[in-house]
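1. What follows is a predicted structure for the sequence shown.
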Amino acid sequence: MERAPERAADNRADATTKESADQGTSAESAGAALELLVHGVGGTTPQEMLDDPRTVRITGDDTAAVFRRADDAEDRPDDHQGQPVPEAYVWCNLTSGNSARALWLLLLPFMVVNLAHWMRPTTRDRARTVRLYGLLVRLAGLTLTVLLVAAACEVALDLAAWQCAGTRACAERHSWLGFLSPAVSDDGWWSHPGRRLALAALVPAALTGLLWYLSRRTWSAYESQQPMTRAPEPDEESGNTSLGRPGFWYGRRLVARLRAAHTAAGLLTVAAAVASAAARFDRGSGGPALLDTLGWALDAAIVACAAVVVWVVCRRGRSENRLDQELDEHLVRRLPLAALVLLALALVYAGWDRPGWTSAGRLPGDPTFGAIAFFQGLLVIVLAVVAHLLHRAQPDPRAAMRGLGGPAVVMLACALGGVMSGGVAQRVADWLDGTGASIVGPPVLLTWQASVIPPLLVLLLLLCGWLAWRAWRLRRTELGKVEVDYVGEPRDTARTRRIATTRAMATLTDRAPLVVAVTSTATLLLGAGALVGALTTDETPSDAADATYAFVHGAAQTAQALGSWLIGVGFILFVTWGRRAYKDASARRTIGILWDVGTFWPRAAHPFAPPCYAERAVPDLTWRMATWTRAGEGRRLVISGHSQGSVLAAAAAWQLTPTDRKRVALLTYGSPLERLYGRWFPAHFGPAALTSLHGEVDCWRNLYRLTDPIGGPVRLPGDPAVDCEALKDPLAYGRTPEHPLPAPILGHGEYQADPVFAEERERLLARLRPEGQDAGVPTQRPEAPPES
């Protein structure tokens, strides 16, 4: 995605020095109106938003900024008599950049589990149950960190240092492991099993350090952006949504605590992997008594530190009722440091000389991955019970999956983590092994988990086929509706079919809860089956089915091989897809809504999730709206948001005081506020929250199309009603004097091309004009001097 260009360099310096262009200009006197435009997914340029090739940045930086037309930034008192001053807030650089940022997609499980935190059902007077819901999601996030680091340990410690370096054929095939192999290096100093593990442990430890660094760097850039401080007013009602609380977009303290806990958890996982391998030898027959004692003491210290990590994760959630500027500096610094000290002790302990210790088989990974999988499944089940209790206390018929969206998404996050971990381990094992005869490979459980992917895909293909059949039936219904909408037009069968098909395909968005429900339920059941199969047989699926019927054995072999291949190919496609999404604007508009939804929410459950861009964008918009409305008596503002920009606009309006909100009108188009956010995040964008916003702003109008797969109606009553009638798309069925060429089907884009958009915008501005002020006709601007 391209960066927001900044033109008119000769005017920029003067404009940027005025952090708010409304200070001291007589053109923007008391009673003036401002139109603040906020773009949506995929971004755009300020030139396109303001319909002017000459724009200047009046406030902001290279990441996010407010732009005006170059002429509007100058002091011309007669330019805006009766007309609003247009400004464009460009925030696309918060979610886009170079292709390297696609690496954030590798942390997708962390983002998904963080998303589940905000999906709890709406409820009142159940504070303890709400806290329990958040605690369970944070614990699920902690298991994902342990799973990722355990997978790195499996690759570096077990497959490379223990199995491959301990096997002559594998070490000779990979010469870079020769100095770790007793056979190749003639029992060199590094060939000792404990020292091999200690050296290989630097890989998962470095991965943990990288996650800590990325989280801290983005924490400094996003979570440290302080929102506008304000005191609650007497008539302020914040019970309908927490988005209006002063500290909602300021999660600095919690993210710092969680970062310390997750960093310590990752380091402790590495320490436990190294120490357990050495301790297993020491506790065997003939093991050194002193090292055995030290091993028990080290294990006890690791368990004690792990208990502190769990306590930190469970102890405190978000503090939203105030700007919490404390940091728990001692905890944030000392907990990761203590884990790092234990890791160093574990490396020294494992590297101690132990005569007779050789590497054979695999490290005990099955109990570790099995315990993680079991605990994750248990957390999902308990979370589902809690979510059901919350939903039953205050039912919301529009809530996705009857309030069970959060547990389902946690299940998907765990499944993604398992698939990515197992896929990397399986691919590395295949690369190291070559012929498949030298090393035993990854833990059996990871192979079982890969083998359940083909059955899951078959189920999803059947579901997609059913959805396609439903869309085809709906398309037949829409054919008649299209003819009614364009009555009197010459009939064009192909044209009618294209419009009806687009409308039918747009409704598939509303089937997302069904897809998520089926996928998560099937994943939970298949994952439980894989866990039972691995623990009861201790063999791969093909070996376990060897003594059964030929058909069963063949199916098991096919599923195992196909699952391993699908994981490898899927991982490559996933990274490639992510790189294309960041470099290609059209691809980003296709998949960007999912990513922008995931990174809209603050990091409340996982500190290693991609950063929340709204913690910068919402305060930006709030500051701009508040400074404008408070700068003069009678000042009014229309904030116009498209797609995800409408969500940012609503969130910023909630952050204003009631007095400021009464001076603001809201125009949304292509908005997912109810269709997506209201259904999946009912506690924050449910009917009560949106109804309160409607009553608190001066006026709100919403535009949508039946061909739009993202935006939809808000479904709120009122006078005037929020929703306009669905806009026609295309604007003209056939060729007309206004449209001599065939009009395109616009879908989610170009709402400004519809005349209704200009009409609704003018109505909002008319409502905001002080009484007795006529719209007037703007004075013609003098021609700009020629550029030298």
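-> Arrived safely.
2. From residue 640, how far out is the residue nearest to residue 674 when sequence neighbours are not counted?
-> In space, residue 674 comes closest to residue 714 once its chain neighbours are excluded; the distance is 4.8 Å by CB to CB, 6 or more residues apart in numbering. C-beta: built from backbone N, CA, C; applies to glycine. Using CB to CB, to the nearest Å, residue 714 is found at 15 Å from residue 640.
3. Contact partners for the most centrally placed residue in the chain?
-> Among the residues of the chain, the one closest to the centroid is residue 598, at 2.3 Å (CA atoms, centre = their mean). Contacts for residue 598 (CB atoms under 8 Å, 6 or more residues apart in numbering) come out as 111-112, 114-115, 610.
4. and if you look at residue 489?
-> Residue 489 neighbours (CB under 8 Å, 6+ apart): 733-734.
5. which SS state does it fall under?
-> coil (DSSP: H, G, I helix; E, B strand; the rest coil).
6. What's the first helix or strand after the host helix or strand of residue 521?
-> For residue 521, the enclosing helix or strand under DSSP states H and E is helix 512-537. Where DSSP H and E defines the elements, the next helix or strand beyond helix 512-537 is helix 541-544.
7. which secondary structure elements does that next one contact?
-> With contacts defined as 3 or more CB pairs under 8 Å, 6 or more residues apart in numbering; DSSP states H and E, the packing partners of helix 541-544 are helix 444-451, helix 512-537, helix 550-583.
8. which among the contacts of residue 598 end up buried?
-> When these are checked for burial by 16 or more other CB atoms under 10 Å, the buried set is 111-112, 114-115, 610.
9. Looking at those, which are in helices?
-> Taking DSSP state H as the definition of helices, these contribute 111-112, 114-115.
10. Out of those residues, which is nearest to residue 334?
-> Nearest to residue 334 among those: residue 114, at 25.3 Å, using CB to CB.
11. thought that closest one was touching residue 611?
-> No - using CB atoms under 8 Å, residue 114 is not in contact with residue 611, being 10.7 Å away.
12. Next up, the contacts around the nearest residue to residue 131 once chain neighbours are set aside.
-> In space, and not counting its chain neighbours, residue 131 is closest to residue 317: 6.3 Å by CB to CB, 6+ apart. Neighbouring residues of residue 317 by CB under 8 Å, 6+ apart: 131, 134-135, 138, 254, 604.
13. If we use 7 Å, what do you get?
-> Listed by CB atoms under 7 Å, 6 or more residues apart in numbering, the contact partners of residue 317 are 131, 134, 254.
14. what's it sitting at in phi/psi?
-> phi -100, psi -150 (degrees, to the nearest 10).
15. and if you look at residue 46?
-> According to degrees, to the nearest 10, residue 46 has phi -60, psi -30.
16. Now do the strands in the chain.
-> Shown for the chain, the strands assigned by DSSP state E span residues 33-38, 55-60, 65-69, 85-90, 636-642, 664-669, 699-703.
17. how distant is the third one from the center of its chain?
-> Pointing back at strand 65-69 there. Averaged C-alpha coordinates place strand 65-69 at 28 Å from its chain's average position (CA atoms, centre = their mean, to the nearest Å).
18. So the residue nearest to residue 674 is in contact with residue 704, correct?
-> No - counting by CB atoms under 7 Å, residue 714 stays clear of residue 704, with 8.6 Å between them.
19. Give the intersection of the neighbour lists for the two.
-> Counting by CB under 7 Å, 6+ apart, nothing touches both residue 714 and residue 704.
20. related to what we said a few turns ago, so which of the contacts of residue 317 belong to helices?
-> Using DSSP H, those in helices are 131, 134, 254.
21. buried subset of the residues you listed?
-> 134, 254.
22. In JSON lines: the ones in helices among the contacts of residue 317, plus distance to residue 448.
-> Below are the ones in helices among the contacts of residue 317 laid out as JSON lines (distance: CB to CB, whole Å):
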{"residue": "131", "distance to residue 448": "36"}
{"residue": "134", "distance to residue 448": "32"}
{"residue": "254", "distance to residue 448": "36"}
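23. Tabulate the strands of the chain (a markdown table), appending distance to residue 414.
-> A markdown table is the format used below for the strands of the chain (distance: least, CB to CB, whole Å):
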| stretch | distance to residue 414 |
| --- | --- |
| strand 33-38 | 35 |
| strand 55-60 | 39 |
| strand 65-69 | 39 |
| strand 85-90 | 37 |
| strand 636-642 | 34 |
| strand 664-669 | 35 |
| strand 699-703 | 36 |
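24. got CSV for the ones you listed, with mean pLDDT and mean neighbour count too?
-> As requested, these are exported to CSV (pLDDT from 0 to 100; neighbours: other CB atoms under 10 Å):
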stretch, mean pLDDT, mean neighbour count
strand 33-38, 90, 24
strand 55-60, 92, 23
strand 65-69, 93, 25
strand 85-90, 92, 25
strand 636-642, 91, 26
strand 664-669, 94, 26
strand 699-703, 93, 23
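25. Tell me which of these lies nearest to residue 500.
-> Among the strands of the chain, strand 699-703 sits nearest to residue 500 (CB to CB), with 21.3 Å.
26. For that closest one, give me every contacting residue.
-> 665-669, 671, 694, 713-714, 722-724, 727, 751, 756-757, 760, 764, 767.
27. quick one: low-confidence parts of the stretch 301-450 of the chain?
-> Scanning the stretch 301-450 of the chain for pLDDT under 70 picks out 435-437.
28. show me where it has helices.
-> Here the stretch 301-450 of the chain has its helices, by DSSP state H, counting those that start in this stretch, at 329-351, 365-393, 405-433, 444-451.
29. how about these, which one is nearest residue 174?
-> By CB to CB (comparing all of those), the closest turns out to be helix 405-433, at 6.6 Å.
30. what's the closest one packed up against?
-> Other helices and strands packing on helix 405-433, by 3 or more CB pairs under 7 Å, 6 or more residues apart in numbering; DSSP states H and E, are helix 108-117, helix 127-153, helix 365-393, helix 444-451, helix 512-537, helix 550-583.
31. tell me the angle it makes with helix 444-451.
-> 110 degrees (axes from the mean of the first three to the mean of the last three CA atoms, to 10 degrees).
32. Now do the buried residues in helix 405-433.
-> 405-429, 432-433.
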